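Peer 1: Have a look at this prediction, sequence included:
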Amino acid sequence: MKLEANIPAGPLAQKWSKYRFDSKLVSPANKRRYKVVVVGAGLAGASAAATLAELGYDVENFVFHDSPRRAHSIAAQGGINAAKNYQNDGDSVRRLFYDTIKGGDFRAREANVYRLAEVSVSIIDQCVAQGVPFAREYGGLLDNRSFGGAQVSRTFYARGQTGQQLLLGAYSALARQAGLGAVKCHTHAEMLDLVVVDGHAKGIIVRNLISGELTRHAADAVVLATGGYGNVFNLSTYARGSNATAIWRAYKRGACFANPCFTQIHPTCIPVSGDYQSKLTLMSESLRNDGRIWVPKQAGDKRPPQDIPEGERDYYLERMYPSFGNLAPRDISSRAAKRVCDEGRGVGESGRGVYLDFAEAIQRLGEATIRERYGNLFAIYKEITDENAYRSPMRIFPAVHYTMGGLWVDYSLMSNLPGLFVLGEANFSDHGANRLGASALMQGLADGYFVLPATIAGYLASQKPDQRPRPDHDAFRQAEEQVRGSVRRLLASQGQRTVASFHKELGQLLWDHCGMARNAAGLKQALDRIPALREEFWRNVRVPGDAEELNQSLERAGRVADFLELAELLCLDALTREESCGGHFREEHQYPDGEAKRDDQNFAFVSAWEYQGPDRPPVLQREPLGYEEVKMTTRSYK
Amino acid sequence: MRVRLKVWRQKHAHRPGGFHTYETPELNPNMSFLEMLDVVNEELTQRGEEPIAFDHDCREGICGTCSLVINGKPHGPHRGVATCQTYLRSFRDGDEIVVEPFRAKAFPLIKDLIVSRKAFDHIIQAGGFVSVRTGSAPDANALPIPKPDADRAMDAAQCIGCGACVAACKNASAMLFVAAKVSHLALLPQGKVERERRARAMVQAMEAAGFGGCSVTGSCEAVCPKEISLEFIARLNREYGRALLKGPN
């Protein structure tokens, strides 16, 4: 199989408009004859479902939550980037494009990223028109702040709840269409398989999480916007319910999985405090606008922070990366934090933490200003740690936060399986090996509001209207039987260990061997142990309750079963990529100063893995990354 | 520390439920309330019993999924936080803690501590939006909005849709929820075009869903994890009154 990215010819800045002009369209009268299933209702899913319905398609939306408004986009704090240049500080579409390509360490597709930057400006317009209450200046115009990896202020925000406000905007657009009868919203509905007919994605199998009933849903196209797979690490900043099941089952039906090892470890999270912990909480990157990160210069210095004089502190990001300082990109900041902690200079009880200090900002701007900018974050910090960050510095440490990898898609966001479209964090497309702050919200909404609604017509126009397979087709029956079989198997095992104990063990294994730093020996060890753990899971897991009722243990068991497979692919990908780039740091490949050593000669490609069945290793397909308008350079923030 | 939990268990809506008592193992006071339930559930699972079903997701107070009435208070003892942001250091060693679902006619019980809050979706579907098609928006800075108005709209827009306001209200009224959405949009020029239609439709949907009337006791504001102000209910009443005066459109 050859992966074809289908990037339009012509100059970079004209590709998207050329694509749209060349694309086939579906006439208004025919649109309602095409059914599109959208799975997920985060920023990408809700905006796509709403927009497709506005266009006239027959749309059904599925979420495992009790309401589309619960999707984890809601928890994004800091902001959303857009190349508006409202600050007159030298921003442009081209600069946002370049920052994103460079931030991704030259492992993203040039044409996709340019389109993202282009579309970013319309997103802000759309959200404001919906009533998203972005922060404003006294003149009534929109305010901006800075985020990591950029030297301009292009981030729009709504206090520390930008994701919430953007999601509620998209949700309200979706609710409007649902109220008009243009979208059918299924809640408590978890997709458990993709149905492929004659090589095309034509439907899904869904389990009703309240009744346990399995249902078949045929469609002319299937859109997955089901988010990232960071919970494979167990402890992460993700919501507890976030999972990889939809994309993983699509992978097992033939959709290629791209760059699974590109995972983002976010530098500013509240450190782990005990083994009962169920999740890690992010402290928004926006805090690095005013907070200064430091550790003691001396290893083992256990004095309280206020007793350590200025001269004995190491503001290591400012020292190592003077031009970006505390706003160095996430992968770089995280690695630097790991390094100083490995040197024995970490703070807090566990020694796995660094200070994020606002003393200087409070002195400069006053406590009231800091409270206005970050009040809710300081409050979250207080609730969790019982410490007042206005008085003493926060303690932070990196944690799993986002996955750049995901299902492979071409320029139109269609996977190698025709009819299957993948949006937002669930696809791999725009962030390369490292995502910049405030870019996830931008990508989710770009995909859902503007890209997919324009590209899906090209595929649908190639399919005859009203000709989709019926749910009694053999492929649906077989897929449903398969799902029923694995549900039964999970309940039948009646072993000794809980689902949570397997998830915890898997997460620790990945964090140790495939976390912020990776090496061949550790990855091989993980690759040995994961299949053994998976084997034990199916033999020894205990899932109480029945299939025909609300059963949260069963839900989690299915998700962990998929994580146990995905983890292996993640490590295999990390082992195969013999270079360091972005969030993927291979200890064997670094410069003497500890910076990542990328290998453009041999690894300037997207790794797309093709499933070959349960007993055969996946096959690696390579999509070469060519850059027409930017020069691949060593990424420097010094 | 250890605590004794009295938890509402109910297999499903059509079977009677009741309180079950559980003695917890040794707990760390830095645990969250939901992490304590995780620990209890692990023990129940290991003993071959069914774990307690409860709603949760983001565990950082923003998704609105978690619920629970803890010792008679929705979202537990502290103001301005959700259940998932409640920590055991708020309780004492040996405490007995009563844990119940949100109870309201419009929130039918699904299982144990989980109720259906679909009625909220129906209220939003009736009018909780600005009717703007994707792609038809003017430039975002074409419409300056005074900062105090934008800030006030944001105060209302913070609502996480958890339903604690309903659970706390003796009439099981959803006025604070509706007020937050109506106020958020009515405070902004983008939302003013449809303000009468919105207020009317959302109030009608609220009544149709079986929520009770508001008698302004303020219990909703007291338990709201985002501390949405009662003032917004006054604003909703004004918006609704205005809509009635203007007549149907």
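Peer 2: Yep, that arrived.
Peer 1: Counting residues, which helix of the chain comes out longest?
Peer 2: With no chain named, the answer covers chain A. helix A:552-576 (DSSP state H).
Peer 1: nope, chain B please
Peer 2: From DSSP H, the single longest helix across chain B is helix B:231-246.
Peer 1: Report whether it contacts chain A.
Peer 2: No: applying CB under 8 Å from any CB of the partner chain, one finds helix B:231-246 separated from chain A by no less than 13.8 Å. In short, each C-beta sits where N, CA and C put it, glycine included.
Peer 1: If you average the pLDDT over whichever helix or strand comes after the longest helix of chain A, what comes out?
Peer 2: Following helix A:552-576 in sequence order, the next helix or strand is helix A:600-603 (DSSP states H and E). Throughout helix A:600-603, pLDDT has a mean value of 97.
Peer 1: Now tell me what touches helix A:600-603 from outside.
Peer 2: With CB atoms under 8 Å, 6 or more residues apart in numbering or on different chains as the test, helix A:600-603 has contacts from A:106, A:577-579, A:581, A:632.
Peer 1: element containing residue B:190, please.
Peer 2: Per DSSP H and E: helix B:189-192 holds residue B:190.
Peer 1: Output the below-cut-off pLDDT ranges for chain A.
Peer 2: For chain A, no stretch has pLDDT under 70.
Peer 1: Break it into its domains for me.
Peer 2: A:266-401, A:475-600 (automatic domain parsing).
Peer 1: And chain B, by the same measure?
Peer 2: Split into domains by automatic domain parsing, chain B comes to B:4-111, B:117-246.
Peer 1: Now neighbour count and distance to residue A:391 too, for the contacts of helix A:600-603, in TSV please.
Peer 2: What follows is the contacts of helix A:600-603, written out as TSV (neighbours: other CB atoms under 10 Å in any protein chain shown; distance: CB to CB, whole Å):
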residue	neighbour count	distance to residue A:391
A:106	23	43
A:577	23	44
A:578	13	47
A:579	21	44
A:581	26	40
A:632	15	46
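Peer 1: just to revisit the earlier point, name the residues of the longest helix of chain B that come out as buried.
Peer 2: Residues of helix B:231-246 classed as buried by neighbour count (16 or more other CB atoms under 10 Å in any protein chain shown): B:232-233, B:235-237, B:239-240, B:243.
Peer 1: Okay, and residue 30 sits in which element?
Peer 2: In the absence of a named chain, this looks at chain A. Per DSSP H and E: helix A:28-31 holds residue A:30.
Peer 1: which outside residues touch that helix?
Peer 2: By CB under 8 Å, 6+ apart, helix A:28-31 touches A:55-58, A:465.
Peer 1: Find the nearest non-adjacent residue to the residue in chain A that chain B sits nearest to, please.
Peer 2: Residue nearest to chain B within chain A (CB to the nearest CB): residue A:140, separated by 2.9 Å. In this structure, residue A:140 finds its nearest non-sequential neighbour in residue B:144, 2.9 Å apart by CB to CB, 6 or more residues apart in numbering or on different chains.
Peer 1: residues from the stretch 451-600 of chain A in reach of chain B?
Peer 2: A:453, A:498, A:500-501, A:542, A:544-545, A:549-550, A:552-553.
Peer 1: try it again with 10 Å
Peer 2: Applying CB under 10 Å from any CB of the partner chain, we find that the stretch 451-600 of chain A lies next to chain B at A:453-454, A:494, A:496-501, A:542-546, A:549-553.
Peer 1: filter these to the buried ones?
Peer 2: Here, 16+ other CB under 10 Å leaves A:453-454, A:497-501, A:542-545, A:549-553 buried among those.
Peer 1: Give me the subset of those lying in helices.
Peer 2: Counting by DSSP H, those place A:453-454, A:499-501, A:552-553 in helices.
Peer 1: Would you mind checking which of the residues you listed is nearest to residue A:360?
Peer 2: Taking CB to CB as the measure, residue A:360 lies nearest residue A:500 of those, at 42.3 Å.
Peer 1: For the closest one, list the residues it contacts.
Peer 2: Neighbouring residues of residue A:500 by CB atoms under 10 Å, 6 or more residues apart in numbering or on different chains: A:234, A:278, A:553, A:556-557, A:560, B:38-39, B:41-42, B:45, B:51.
Peer 1: repeat that for 7 Å
Peer 2: Residue A:500 makes contact with residue B:42 under the criterion CB atoms under 7 Å, 6 or more residues apart in numbering or on different chains.
Peer 1: And for residue A:554?
Peer 2: Neighbours of residue A:554 in contact, by CB under 7 Å, 6+ apart: A:487, A:490-491, A:543, A:545, A:547.
Peer 1: farthest-separated two in those residues?
Peer 2: The farthest-apart pair in the contacts of residue A:554, when distances are taken by CB to CB, is A:487 and A:545, at 11.3 Å.
Peer 1: for the longest helix of chain B, the distance to its chain's centre please.
Peer 2: A distance of 22 Å separates the centroid of the chain from that of helix B:231-246, by CA atoms, centre = their mean, to the nearest Å.
Peer 1: by contact count, what packs against it?
Peer 2: helix B:175-186, helix B:195-208 (3 or more CB pairs under 7 Å, 6 or more residues apart in numbering or on different chains; DSSP states H and E).
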